[in-house]
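Asks: Structure of the sequence below:
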Amino acid sequence: PFVVILLGIGVYAIVLFARLATIVDASVTNNYQSFTAASAMSLALSGMDREVSWVVQGSRPGDKNNPVEYPKRFVDKNAFSQNQKRFDENLALLLKASTLPGEMALTQQVAANYQAFLKAVDTISSLDSPENQRQVYEREVVPSGQTMNLLLGKIHNLNHIAILGPARTFGTSQIGRAHV
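Replies: Take a look at the predicted model:
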């Protein structure tokens, strides 16, 4: 009877460890996806901002885009839409994969600021005056972009800590045992 009980406990322990490994793997994978999505969104946001900032810089005397020769700069729709697509795909992933405490609220704030960013970009595209474009850029695009970068940084760090959490705990416990 003792051997049967010991064998039963051994099988039960193996099943529990297999489930634990699956849960940890899914959790780390999810956190890694969120981590990389936040990084990719930050890069895509920089690309979109670069396209818009080029438009609002306006032209300078001696510039080949001088208003006398070329009255208005336009956003490169192809470059902007590539970055927008990348941002949209990763935002959808974050909205689906946010599992950490506070992560969904941060992601929803990113989504709200993103809508404000896109609205401001559309406004800039509809304006003719470089000065008006610059004012919209400085009042609406820059603040929403900075806020999104701050929020994406928080999401990035939250997931980074979640990914490294088990490794830090394991490493600390091993160090503690080595000194005992």
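
Asks: Which helix runs longest in this structure?
Replies: When the chain is parsed with DSSP state H, its longest helix is helix 2-56.

Asks: Which SSE is immediately downstream of that one?
Replies: For helix 2-56, the succeeding helix or strand toward the C-terminus, using DSSP states H and E, is helix 77-97.

Asks: now the residue nearest in space to the middle of the chain: how far from Arg139?
Replies: What sits nearest the mean C-alpha location of the chain, by Cα atoms, centre = their mean, is Ala38, with 1.8 Å. Distance of Ala38 to Arg139, given as Cβ to Cβ, to the nearest Å: 26 Å. In this view, the C-beta of every residue, glycine as well, is placed from N, C-alpha and C.

Asks: repeat for Gln82
Replies: Counting by Cβ to Cβ, the gap from Gln82 to Arg139 is 26 Å.

Asks: who has more neighbours, those two?
Replies: Gln82 (15 against 11; other Cβ atoms under 10 Å).

Asks: how deep is the residue nearest to the more buried one when sequence neighbours are not counted tucked in, by neighbour count?
Replies: Leaving aside its sequence neighbours, Gln82 sits nearest to Gly47 (Cβ to Cβ, 6 or more residues apart in numbering; 7.5 Å). The local packing of Gly47 (other Cβ under 10 Å) involves 16 other residues.

Asks: In this structure Gly47 contacts Asn78, no?
Replies: No: using Cβ atoms under 8 Å, Gly47 is not in contact with Asn78, being 11.5 Å away.

Asks: In the protein, where is pLDDT below threshold?
Replies: 20-27, 58-75, 166-180 (pLDDT under 70).
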